[in-house]
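when you get a sec, could you give me coordinates for this:
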Amino acid sequence: MKIRPANTEDLPFIVRTELVDEGTTPGYRDEWTENEFAEHRELMLSFVVSPDKGARVVEEGTELIGMILWRYRNRFTEDIPASSVFCQIDSSTYSLDGAFCEIFNLWVDPRFRRRGLGTELKISAEEDAVARGVKLVYTHTEETNPHVLELNKKLGYVEVRRGPIWDEVVRVSLVKTL
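Numbers count the residues shown, from 1 in each chain. Predicted coordinates for the structure are as follows:
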């Protein structure tokens, strides 16, 4: 298995995978229009090509079996709405410069889970953050997802918030200082 930076040829996999509903979040995308799906594709493309975002995939032979997407944010220089989850987290959690890496999505094919691939993908995003001088990583997962909570805690993430974000689902926000 090989982890590598994603490229535009990986986009169909990234788009399809990011839309996977494994029964933990209600299917809010069920009624999307063609335009909404097109916008989603453009958003996923931005993780591959934008300098302030990142994407890695896991290859097993010729098959893609995992991915991670992240973006770089800055609480002090961006216009982040007051309603955002980032504004609900104690500001002392952030590094002095306000910069952080937000893990947007982490996914591993169910056939390959519990083998360390999620850990390796997460570490690869953290290494990219360190290379950019970013000292804080933010992520969240659903309260009902014990495997991902366990993964984050094993990697040194600390819970900083618990509650709904954009719907009624309780999510756990976690950060890690690098």
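
can you give me the strands in the protein?
Here the chain has its strands, by DSSP state E, at 2-5, 53-60, 63-74, 99-108, 136-142, 158-164, 170-177.

pipe those into JSON lines and attach distance to Ile14 per row.
All C-beta atoms are positioned from the backbone trio N, CA, C, and that covers glycine. Output for the strands of the chain, formatted as JSON lines (distance: least, CB to CB, whole Å):
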{"stretch": "strand 2-5", "distance to Ile14": "12"}
{"stretch": "strand 53-60", "distance to Ile14": "7"}
{"stretch": "strand 63-74", "distance to Ile14": "6"}
{"stretch": "strand 99-108", "distance to Ile14": "9"}
{"stretch": "strand 136-142", "distance to Ile14": "18"}
{"stretch": "strand 158-164", "distance to Ile14": "27"}
{"stretch": "strand 170-177", "distance to Ile14": "22"}
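
check what pLDDT the residue positioned nearest the centre of the chain gets.
Nearest residue to the geometric centre of the chain (CA atoms, centre = their mean): Phe104, 2.2 Å. The model reports Phe104 with a pLDDT of 85.

can you check Thr33 too?
82.

can you report how many residues lie near it?
8 (other CB atoms under 10 Å).

how about it, phi and psi?
Dihedral angles of Thr33 (phi, psi; degrees, to the nearest 10) stand at phi -90, psi 170.

from Val58, how far out is it?
To Val58, Thr33 is 32 Å away according to CB to CB, to the nearest Å.

Thr119 now?
Separation of Thr119 from Val58 (CB to CB): 12 Å.

show me which of these two is the more surrounded one.
Between Thr119 and Val58, counted using other CB under 10 Å, the more crowded position is Val58 (23 against 15).

look up the closest residue to that one, ignoring the ones flanking it.
Distance criterion CB to CB, 6 or more residues apart in numbering; nearest residue to Val58, sequence neighbours excluded, is Gly66 at 3.6 Å.

what is the neighbour count of the nearest residue to Met67 once chain neighbours are set aside?
Leaving aside its sequence neighbours, Met67 sits nearest to Val57 (CB to CB, 6+ apart; 4.8 Å). The number of residues packed near Val57 is 23, by other CB under 10 Å.
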